[in-house]
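>>> Curious how this folds, go ahead:
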Amino acid sequence: MIVSSLVAIAFALSLWRLFGFAMGLRFAKRSRERARLAQEQEGRRVIAEIPLDDDVVFFIEDAASFSWGTQSAARADVIGSRLLLNGGVMATWSRPGASLPEPPAAEAYEGGERWDVMLYERDGAGRAVPCGTLREGVSREIASKVFEAIRRSA
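Below you'll find the predicted structure:
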């Protein structure tokens, strides 16, 4: 009888903990949905949700600029971009007549994927948009969306 009671209590505690995790995930999803809706109501277009260390930031496009996290770049100043996998160039785009700096050498493969988009501006500055290290093509899809949005801006 005591063993049955202990098993029932352990099971109930496990269910309660799982319920707490599920509600935490649901709260985070609803918070992102509200933040996305707020951005869209201000006339901005959310291109992708970028998972960073402990947070998810939006890559946002509006009539004048691109922004992600605390960084932004004016659309008119963007002359090109590169889609990078572990530092190696997967795709390149540049405005007609613009030349991009030479890409750095690709990094040695360490068993994981890191997707980035490098955004180049008129002043020669290059800004990295980190798109994540998630497997199963998630980060690749995010990076592709960001790259395509920048390419379409020409």
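
>>> In the protein, where is pLDDT below threshold?
109, 154 (pLDDT under 70).

>>> got the buried residues for the top helix by length along the chain?
Across the chain, the longest stretch assigned as helix under DSSP state H is helix 2-41. Within helix 2-41, the residues that count as buried by 16 or more other Cβ atoms under 10 Å are Q39. Every C-beta, even on glycine, is put in place using the N, C-alpha and C of the backbone.

>>> Can you give the distance of it from its chain's centre?
Remark: helix 2-41 is offset 24 Å from the chain centroid, using Cα atoms, centre = their mean, to the nearest Å.

>>> ok, then the element right after that helix?
Of the helices and strands lying after helix 2-41 in sequence (DSSP states H and E), the nearest is strand 45-51.

>>> Note down every partner strand of that next one and its orientation.
strand 56-61 (antiparallel) (DSSP bridges).

>>> List the contacts of the strand it pairs with.
32, 35-36, 39, 44-50, 66-69, 75, 129, 142, 145-146, 149, 153 (Cβ atoms under 8 Å, 6 or more residues apart in numbering).

>>> could you give the angle of it to helix 2-41?
Using axes from the mean of the first three to the mean of the last three Cα atoms, to 10 degrees, the inter-axis angle of strand 56-61 relative to helix 2-41 is 20 degrees.

>>> After strand 56-61, which helix or strand is next?
Past strand 56-61, the next helix or strand by DSSP H and E is strand 65-68.

>>> partner strands of that following strand, parallel or antiparallel?
With DSSP bridges as the test, strand 65-68 pairs up with strand 56-61 (antiparallel), strand 71-74 (antiparallel).
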